[in-house]
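>>> Mind folding the following:
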Amino acid sequence: MSEIISVANQKGGVAKTATCRYFADISVAQGKKVLLIDFDPQASLTKGFGFNPELFEGVNDGNICNIFNQEPVNVINVGEEDEILHLIPSNRELGIIGQGNIIGKDLMLRKFIKKNKLSEVYDVIIIDNNPKFDTMTINTILASNIIVIPVVTAKDEQEGLHGFFKNTEETLSTFDHAIKKMVVIPSRYNKSTKVSKEYLQIIKEDTLPFIQKMCPTIAEAETLVSEPVPEKVAFPDASSYNLSVYKYLTMYSSESSMKKDKREKLLSLLEKIVKNVIK
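Model (predicted):
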């Protein structure tokens, strides 16, 4: 059975899509079969592979909205020749259909994964989310056994994180769904600023006590706060190549502005984070 990971946060700009990308490429590098599902109508993950989301709208075997109509959806091969890395792309119609009056719509993604036996086909399924807590996010949480939450180490982010915990707790308890792990990943960390340092410390010290006190269902799962992922120019550079930062630094190391020791340190950090999430 596969690990099904929802990468989510109800705030934008926290590196959800970038996290999905390096999680996928590190897992593939370890020999795993990986499926990426873009469950964000903004389709950032889809665009990140160089695809136009409009190509998957309407009556189309690649339209992710078919999930809500209980119809098949084709995957796209986005891996190298010897890799199994597939993508279910998104498009703007996903946001519209998610607002419709569909019986059991919060469980459609979970039913789709089960019906198509995707957890038997893939070792890892990684789902990207939009910057809200809505039907799309509820679907991914109820389909997952692991939740990964990238969060920026900045003012007011802690309050947003608490809100996400509360919404997730309500979702899990309402649908009697258990997860086995929740991992908070401080992202875009700048160790040279006092604010980043202060809020990283707050996240580290506050997360577990808050969950223990306010979120009894989540508290039954293993909860971790990972080491922070630094804000590096390599991330936007990788996006310009339509690559994850992991693949960019391994394939185009000579073109990266990072020194070898810092590049290797970042790669090692990302591998460690993924290893702690996916055993």
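
>>> Give me the longest helix you can find in the chain.
helix 194-214 (DSSP state H).

>>> Show me what that helix is packed against.
If you count contacts as 3 or more C-beta pairs under 8 Å, 6 or more residues apart in numbering; DSSP states H and E, helix 194-214 packs onto helix 157-174, strand 181-187, helix 216-219, strand 222-225. For the C-beta atoms, the positions are set from N, CA and C on the backbone; glycine is no exception.

>>> Check which helices and strands the third one is in contact with.
Going back to what we said before, that points to helix 216-219. If you count contacts as 3+ C-beta pairs under 8 Å, 6+ apart, helix 216-219 packs onto helix 157-174, helix 194-214.

>>> Please work out the average pLDDT along that helix.
Helix 216-219 shows a mean pLDDT of 97.

>>> For the helix or strand of the chain with the lowest mean pLDDT, report the contacting residues that lie outside it.
Within the chain, no helix or strand scores below helix 93-97, which has a mean of 88 by mean pLDDT, DSSP states H and E. Helix 93-97 is contacted from outside by Phe39, Asp40, Pro41, Glu57, Gly58, Asn63, Ile64, Cys65, Phe68, Asn130, Met136, using C-beta atoms under 8 Å, 6 or more residues apart in numbering.

>>> run the last query once more with 7 Å
Contacts to helix 93-97, defined as C-beta atoms under 7 Å, 6 or more residues apart in numbering, come from residues Pro41, Glu57, Ile64, Cys65, Phe68, Met136.

>>> ok, now stretch 43-61?
17, 20-21, 36, 38, 62-63, 72, 74, 78, 87, 89-93, 128, 239, 242.

>>> Next, the angle from the longest helix of the chain to strand 181-187.
160 degrees (axes from the mean of the first three to the mean of the last three C-alpha atoms, to 10 degrees).

>>> And helix 194-214, what's buried?
Ser196, Tyr199, Leu200, Ile203, Lys204, Thr207, Phe210, Ile211 (16 or more other C-beta atoms under 10 Å).

>>> which residue sits closest to the fifth one in space, ignoring its chain neighbours?
Of all residues beyond its chain neighbours, the one nearest Lys204 is Val225 (5.3 Å), with distances taken as C-beta to C-beta, 6 or more residues apart in numbering.

>>> what is that neighbour paired to in the beta sheet?
In this entry, Val225 is beta-bridged to Val184, by DSSP bridges.

>>> ok, it - contacts?
Val184, Ile203, Lys204, Thr207.

>>> got those residues as CSV, with pLDDT and distance to Ile5 columns?
As requested, those are exported to CSV (pLDDT from 0 to 100; distance: C-beta to C-beta, whole Å):
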residue, pLDDT, distance to Ile5
Val184, 97, 14
Ile203, 92, 20
Lys204, 92, 22
Thr207, 94, 18
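
>>> Now do the helices in the chain.
16-29, 44-48, 93-97, 108-115, 118-121, 135-143, 157-174, 194-214, 216-219, 234-240, 245-251, 260-277.

>>> Could you name the stretch from those helices that's closest to Val7?
helix 16-29 (5.1 Å; C-beta to C-beta).

>>> For the closest one, give me every contacting residue.
Under the contact criterion C-beta under 7 Å, 6+ apart, helix 16-29 has outside partners 5, 7-9, 34, 36, 44-45, 48, 79, 83, 85, 124, 126, 128-129, 148, 150, 185, 235, 244-247, 270-271, 274, 278.

>>> Drop the exposed ones from these and show what's left.
5, 7-9, 34, 36, 44-45, 48, 79, 83, 85, 124, 126, 128-129, 148, 150, 185, 235, 244-247, 270, 274, 278.

>>> still on that earlier bit, which of the helices and strands packed on helix 194-214 sits most buried?
Sort the helices and strands packed on helix 194-214 by mean neighbour count, taking mean count of other C-beta atoms under 10 Å, and strand 181-187 sits at the top with a mean of 23.

>>> and the gap between Leu267 and Asn276?
Distance, Leu267 to Asn276, using C-beta to C-beta, to the nearest Å: 15 Å.
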